[in-house]
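Chemist: Below: sequence and its predicted model.
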Amino acid sequence: EAEVAQSPRYKITEKSQAVAFWCDPISGHATLYWYRQILGQGPELLVQFQDESVVDDSQLPKDRFSAERLKGVDSTLKIQPAELGDSAMYLCASSFFGSDEQYFGPGTRLTVT
Amino acid sequence: GENVEQHPSTLSVQEGDSAVIKCTYSDSASNYFPWYKQELGKGPQLIIDIRSNVGEKKDQRIAVTLNKTAKHFSLHITETQPEDSAVYFCAASIRSSDYKLTFGKGTLLTVNP
């Protein structure tokens, strides 16, 4: 069964350091989403890609967060510099173009110390 | 924007009993309502969904109902088993807004053997 891949699964970093997360969507899925999930809450959308283009990044803190999907396949989410409040699970999801069914990866658990 | 409320926040049942989780949404334009199951340390898994042109959908032991007039939808799990223990999230999206999902805060379901 095809799955969304994410790495690393866990990341511990000190505040003010840079950190990056990688996502490989299900093959053929043109739409890719990055979500942030704070402990005890539901996921919240950070950025949405359609192929290599950003569709929505209105909730992305652009002063420190960046996301790219250069070839329209895998994607990288970066935080620089990391802050204590960035500790959360970062989830990647993907879907076929024009489909509302989103499939999630296992996530990256970030701890900022 | 869309707001999704989910109740209860925790639910404990005995094995074999039924469990019901309820969600309400605010935007009458929402037309897709998925339910996700999230086990500890894993990403959300899509378990069932319903679209606004359908009132009820069933898949083995799980079912979802939708009341568009009242703007609420519910997840029903029958004959619960210990492996059903997890956090369940409801969500809503509007096709015209690029399928962006708004999640509820989640329900921790515990099935006691």
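Modeler: Great, that's in hand. Numbering: from 1, shown residues only, chains lettered A, B, ... in the order given.
Chemist: Looks to me like A:Cys92 is in a helix.
Modeler: No. Counting by DSSP: H, G, I helix; E, B strand; the rest coil, A:Cys92 is not part of a helix but strand.
Chemist: Now it: closest residue in space, sequence neighbours ignored.
Modeler: In space, and not counting its chain neighbours, A:Cys92 is closest to A:Cys23: 3.4 Å by CB to CB, 6 or more residues apart in numbering or on different chains. Placement of C-beta: from N, CA and C, glycine included.
Chemist: so what's that neighbour scoring on pLDDT?
Modeler: At A:Cys23, the model reports a pLDDT of 98.
Chemist: Give the helix, strand or coil label for it.
Modeler: Classification of A:Cys23 by three-state DSSP places it in strand.
Chemist: how far away is it from chain B?
Modeler: Noted for A:Cys23: a distance of 11 Å to chain B, by CB to the nearest CB, to the nearest Å.
Chemist: Confirm for me that B:Leu66 is in contact with B:His76.
Modeler: No. In this structure B:Leu66 lies outside contact range of B:His76 using CB atoms under 8 Å: 12.0 Å.
Chemist: So for these two, which sits in the more crowded spot?
Modeler: Neighbours of B:Leu66 and B:His76, each counted by other CB atoms under 10 Å in any protein chain shown, are more numerous for B:Leu66; the result is 21 against 17.
Chemist: what sits against B:Pro34?
Modeler: Shown in contact with B:Pro34 (CB atoms under 8 Å, 6 or more residues apart in numbering or on different chains): A:100-102, B:46, B:48-49, B:90-91, B:93, B:101.
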